[in-house]
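S.K.: Would you be able to build a 3D model of this:
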Amino acid sequence: MLFSPALDSICVQETGPICITDMLVLVQDSTHWLQIEPLTSTVQGVTMFRHRTPKGSYECTVSGLRWLCERDVILKYHFRNWDPYSQLLKDMQYTQGGPLLDITMELGELEEVHLPHFVCLGNNPSLRNEMKILHVEEHGVSLEEVHEVNRFHAKILHPKFSAISLILRLLSWNVDVHCELMLYLTVMKETLISRLYLFPWNPGQIQAVEQQESKFQGSKRFPITRPEQSFKLYSSIRLNIPCSTSINPQKIHFIQRDTTPSFFKAVVKMTGIDIEMELFSDDERTVWKENVPKDEYITDTRSTSAVSGAGRPAESSLTGSAEHQLLSVRTEFVKRVSGPVLNELLDRLLQHTVINQEDMESVKVIAERAEKARDIIDMVLRKGTESCSRMMNLLGELDPYLCSQLQINSVGVPT
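M.R.: Predicted coordinates:
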């Protein structure tokens, strides 16, 4: 069981994408939320999230779920599939407004829960009146009024749990929602493959994309800007990349999916030019534009290029002690390592006694990826050469592509 630390390390932050229209009706959130990571486990292929917290106000960094409690509580939850309830929603003339979360209280009660949603209220504040909370119970469903709605959350007082989500009365097709864009690049010989995922903002879908991309050798996520405006639900979005040889599909229907989100797959010849990307709405207006500089994608993918046979020689690896190697790649490790790899690495470091439970707890509560990476590598460096060797071996098992980029060797310490 992990208790979160005292509320001395509170951070105030609105999680989720920001769009200009949304800011017009922004409801100020006066509560201070301590962002914490959940303990995760897998049960019959389903990822389960679990928190144990003392009195306070918390936000899960994975799901966006928020809760306020007056005493110790233990809650667990997982994302549920909307498919079994799609027809029911249509019959009720409602549509999804956020992820469907199956929440269970193992200990205590919550004073408040704030469910994440992706509805943009900026252009149509009256949508607040059309929102309800859907409870999926063993013998049917029920609706509950929403106490309060802000940009990304719907507030419920003294909640009773089942599978639960925010839904929206489907008055028309003219609904604006927050969106998420995720760009991954992979080098295959002299060709650059880009995958641009586009979907209504949903923490469960972000996790699904990360899990899918982790299976692709050499896949690298690139940070990109979010659109400054919301997208119309059920609209069609077109991608244009002038230097591409193909883009498939031609358009994406912007809807919430329970499977891994749709993505544009584009093929670009490695000609050493910047990659320009542009998204167009149904009426051919530009809704998003991005430029990936050649220096950035060539630098970050050159190790993959060598492995994939692009004609470049593989770079030489670092030499010296494990401690020296790890220290020399500290900056690049912090910059490049992904959140999922960090979480798995932390678990494995504890399992192999490189760190102890207290070390793990101190890192688990860090929300920002780079800060967490910095804490982990510094913690291991302080523990000496053998611990550094174990971390390098574990990292080689979890993310061999990253080790190739960092040019570090595994060292002969059994893990």
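S.K.: for the stretch 201-350 of the chain, what spans make up the strands?
M.R.: Here the stretch 201-350 of the chain has its strands, by DSSP state E, counting those that start in this stretch, at 220-222, 231-232, 236-240, 244-248, 251-253, 263-269, 275-280, 286-292.
S.K.: would S126 count as being in a strand?
M.R.: No. Looking at S126 with DSSP: H, G, I helix; E, B strand; the rest coil, it is helix, so not inside a strand.
S.K.: Count the residues that sit near M48.
M.R.: Residues near M48, counting by other CB atoms under 10 Å, number 17. All C-beta spots, glycine's among them, are computed from the backbone N, C-alpha and C.
S.K.: Now it: phi and psi?
M.R.: Here is the backbone geometry of M48 (degrees, to the nearest 10): phi -110, psi 140.
S.K.: so it touches T40, yeah?
M.R.: Yes. Here M48 lies in contact with T40, judged by CB atoms under 8 Å, at a distance of 6.8 Å.
S.K.: secondary structure element for I156?
M.R.: Secondary structure assignment for I156, by DSSP states H and E: strand 153-157.
S.K.: who's in contact with that strand?
M.R.: For strand 153-157, contacts defined as CB atoms under 8 Å, 6 or more residues apart in numbering pick out 29, 64, 66, 97-98, 111-117, 131, 133, 144, 146-149, 166.
S.K.: Of the strands of the stretch 201-350 of the chain, which is nearest K364?
M.R.: strand 220-222 (22.3 Å; CB to CB).
S.K.: quick one: contacts for the residue nearest the centre of the chain?
M.R.: Centroid-nearest residue in the chain: I206, 4.2 Å away (criterion: CA atoms, centre = their mean). When contacts are counted by CB under 8 Å, 6+ apart, I206 touches 180, 182.
S.K.: I'd like the distance between it and K155.
M.R.: 23 Å (CB to CB, to the nearest Å).
S.K.: next one: R128
M.R.: Using CB to CB, we find R128 at a distance of 12 Å from K155.
S.K.: what does K215 give?
M.R.: Taking CB to CB, one finds K215 at 38 Å from K155.
S.K.: Looking only at neighbour counts, state which of those two leads.
M.R.: Shown here are K215 and K155; by other CB under 10 Å, K155 has more neighbours (20 against 7).
S.K.: How confident was the prediction at Q207?
M.R.: With respect to pLDDT, Q207 scores 78.
S.K.: Model confidence for the residue nearest to it when sequence neighbours are not counted, exactly?
M.R.: Spatially, and ignoring its direct neighbours in sequence, Q207 is nearest to V62 (6.8 Å; CB to CB, 6 or more residues apart in numbering). Looking at V62, its pLDDT is 84.
S.K.: Secondary structure of V62: a helix, I assume?
M.R.: No. Under three-state DSSP, V62 falls outside any helix and is assigned coil.
S.K.: That one is in contact with P38, isn't it?
M.R.: Yes. Using CB under 8 Å, V62 makes contact with P38 at a distance of 5.8 Å.
S.K.: low pLDDT regions in the stretch 201-350 of the chain?
M.R.: Within the stretch 201-350 of the chain, the stretches with pLDDT under 70 are 258, 296-320.
S.K.: can you do 80?
M.R.: For the stretch 201-350 of the chain, the stretches flagged by pLDDT under 80 are 204, 207, 215-218, 226, 228-229, 256-260, 270-273, 294-321.
S.K.: Give me the distance between the two termini of stretch 151-166.
M.R.: End-to-end distance of stretch 151-166 (CA to CA, to the nearest Å): 13 Å.
S.K.: Pop the domain breakdown of the protein in here.
M.R.: 7-169, 178-307, 322-406 (automatic domain parsing).
S.K.: tell me, how many neighbours does T40 end up with?
M.R.: T40 has 16 neighbours, counted by other CB under 10 Å.
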